[in-house]
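> for reference, the sequence and a predicted model appear below.
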Amino acid sequence: MKKIINPWKGLDGYLCFACSPDNPSGLHMEFHEDGDDVVALWKPTKYYQGWLDTLHGGIQSTLMDEVGGWLIVRKLQTTGVTSKLEAKFIKSISTNEPLLTIKGRIKEQKRNAVFLETEIFNSQNELCSRADMVYFVISKERAKEEFYFNGCHTEDESV
């Protein structure tokens, strides 16, 4: 797996709940590229529970949504917005899990609509949640102007 460099790190005002390293209440997600997949490894804590020792479904949806966004950033080199996310919660996730694996991949693209699937696996590699998503992407020019996006690279790539 190749670590993806966060292209917004250090940008003034960048406090994304899911991926900013500077948001004190955030999830501090980091991403890797593994073939066609984008992968995040994440450790839950008790502060993200819904029921006792159980990871909140909204946090699970956020984890999957963010992996979807990073799929677009890395694989298509642009940005956009989630227009649909249909989550299925298959197995509860303990906030005591040592590490979750969140994976996603692009299934199909039709013009500006990109169809994705994302999944969360517990530390025993059991599928716990999955989501089918539709992401609406914008032009690279608009991504640069409106989202300060100048490309997304992995640590092994020269910029």
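Yep, it's here.

> what are the ranges of the strands in the chain?
Ranges of strands within the chain are 2-3, 32-34, 37-42, 80-89, 100-110, 113-121, 127-137, based on DSSP state E.

> of those, which is nearest Gly50?
Of all these, it is strand 80-89 that lies closest to Gly50, at 10.5 Å by CB to CB. Quick note: C-beta positions are derived from backbone N, CA and C, even for glycine.

> one step back: please tabulate the strands of the chain in a markdown table, including the columns mean neighbour count, mean pLDDT and distance to Thr154.
Output for the strands of the chain, formatted as a markdown table (neighbours: other CB atoms under 10 Å; pLDDT from 0 to 100; distance: least, CB to CB, whole Å):
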| stretch | mean neighbour count | mean pLDDT | distance to Thr154 |
| --- | --- | --- | --- |
| strand 2-3 | 14 | 96 | 4 |
| strand 32-34 | 17 | 97 | 6 |
| strand 37-42 | 20 | 98 | 11 |
| strand 80-89 | 14 | 97 | 21 |
| strand 100-110 | 17 | 98 | 16 |
| strand 113-121 | 21 | 98 | 19 |
| strand 127-137 | 20 | 98 | 20 |
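
> longest single helix anywhere in the protein?
helix 57-71 (DSSP state H).

> ok, back up a step: with distance to Tyr148 added, can I get the strands of the chain in TSV?
As requested, the strands of the chain are exported to TSV (distance: least, CB to CB, whole Å):
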stretch	distance to Tyr148
strand 2-3	21
strand 32-34	21
strand 37-42	20
strand 80-89	14
strand 100-110	23
strand 113-121	21
strand 127-137	16
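
> what about those strands, which gets the closest to Ser25?
Between these, strand 37-42 lies closest to Ser25; by CB to CB that is 15.1 Å.

> run the chain-centre distance for that closest one.
Centroid separation between strand 37-42 and its chain, computed with CA atoms, centre = their mean, to the nearest Å, is 7 Å.

> done for today, thanks.
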